[in-house]
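Visitor: Below are the sequence and a predicted model; questions follow.
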Amino acid sequence: MHRITSVGRVKGAAFRLVANGGDDALAHLFQRRGAVFSFKKNKMIAAEGASIERVYRIETGYVRCCSYTEDGLRQSFAFAGPGDLLGFPELEVWHFTAEAVGPVTTRALKPSTLDSAIV
């Protein structure tokens with residue numbers, strides 16, 4: 001069994017945990033314990049300011065990481081794709097809005113499940 005040993009920042013808003021032995025340990029954890037969620041084009045995955053109840057690993061598709069201005073304009077600042085994570089166990093709330101660019105499939109874990117896997 002591989003253990004997840006470090007955390008790194010990728011693409012500004014999406015995160016990737018680097019596992020001992022490559023991404024296999026992380027992929028295995030999400031494959032074994034993650035619930036599958038599917039999102040249609042332009043559907044919101046996470047809302048800025050909402051509590052982080054799940055950490056998502058993108059399986060297929062791409063996610064837009066953005067914020068909305070007071071007058072409703074969207075400001076996109078990053079995109080995440082297969083293998084990237086959305087959410088971060090140490091944060092309590094989303095610091096950005098995540099939306100499906102097209103059809104997206106994810107696997108999700110509770111932050112506490114991911115925390116327990118990090119050495």
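Guide: Good, I have the coordinates.
Visitor: Tell me the bridge partners for the residue sitting nearest the centre point of the chain.
Guide: Centroid-nearest residue in the chain: Leu86, 1.5 Å away (criterion: Cα atoms, centre = their mean). Assessed by DSSP bridges, Leu86 has beta-bridge partners Tyr56.
Visitor: So it versus Ile45, what's the distance?
Guide: 7 Å (Cβ to Cβ, to the nearest Å). Bear in mind the C-beta positions are built from the backbone N, C-alpha and C, glycine included.
Visitor: Packing partners of the helix ranked longest in the chain?
Guide: Scanning the chain for the helix with the most residues, using DSSP state H, yields helix 24-33. Here helix 24-33 touches strand 4-10, strand 14-19, strand 55-60, strand 104-109, helix 111-117, going by 3 or more Cβ pairs under 8 Å, 6 or more residues apart in numbering; DSSP states H and E.
Visitor: can you list residues touching both of Leu86 and Ile45?
Guide: Tyr56, Val63, Ala98, Thr106 (Cβ atoms under 8 Å, 6 or more residues apart in numbering).
Visitor: rewinding a little: ok, of the helices and strands packed on helix 24-33, where does mean pLDDT dip lowest?
Guide: Per-stretch mean pLDDT for those is lowest at strand 4-10 (a mean of 37).
Visitor: what's across from the nearest residue to Gly61 once chain neighbours are set aside in the sheet?
Guide: Excluding the flanking residues, the one nearest Gly61 by Cβ to Cβ, 6 or more residues apart in numbering is Val104, at 3.5 Å. Taking DSSP bridges, one obtains Phe39 as the residues bridged to Val104.
Visitor: Val104: neighbouring residues, count only.
Guide: Neighbour count of Val104, defined by other Cβ atoms under 10 Å: 25.
Visitor: do the same with Lys41
Guide: Residues lying near Lys41 (other Cβ under 10 Å) number 11.
Visitor: rewinding a little: out of the shared contacts of Leu86 and Ile45, what pair is the most spread apart?
Guide: Spanning the widest gap among the shared contacts of Leu86 and Ile45 are Ala98 and Thr106, at 9.8 Å by Cβ to Cβ.
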